[in-house]
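K.L.:
Have a look at this fold, sequence not included:
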């Protein structure tokens, strides 16, 4: 079952990719399994989520700061 055995580098690529487009079922499953056993990658995933949340307000300008960039979690 090599398709489920991602390296941390592959997991990082998939974490980045999933923010731009949906992953297929098997890729998403493999990533989920990797994140289940790798605490370092879970932390990177949390950091990427936080960066996405923080940057959402930047691109919205002054009007977006109170709407999407208010610091609330999804």
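P.N.:
Looks like it arrived, so ask away. None of the values given here were measured: they were computed from a predicted structure.
K.L.:
Show residues contacting the helix or strand where residue 13 lies.
P.N.:
Residue 13 belongs to helix 8-18 when assigned by DSSP states H and E. Around helix 8-18, the neighbours that count as contacts under Cβ atoms under 8 Å, 6 or more residues apart in numbering are 6, 23, 27-28, 30-31, 34-35, 38, 40-41, 44-45, 48. Heads up, the C-betas are built off the backbone N, CA and C, glycines and all.
K.L.:
cutoff 6 Å now
P.N.:
Under the criterion Cβ atoms under 6 Å, 6 or more residues apart in numbering, residues 31, 34, 41, 45, 48 lie in contact with helix 8-18.
K.L.:
From those residues, list just the buried residues.
P.N.:
When neighbours are counted using 16 or more other Cβ atoms under 10 Å, these contain these buried positions: 31, 34, 41, 45.
K.L.:
Could you tell me which of those residues belong to helices?
P.N.:
Judged by DSSP state H, helices contain the following of those: 31, 34, 41, 45.
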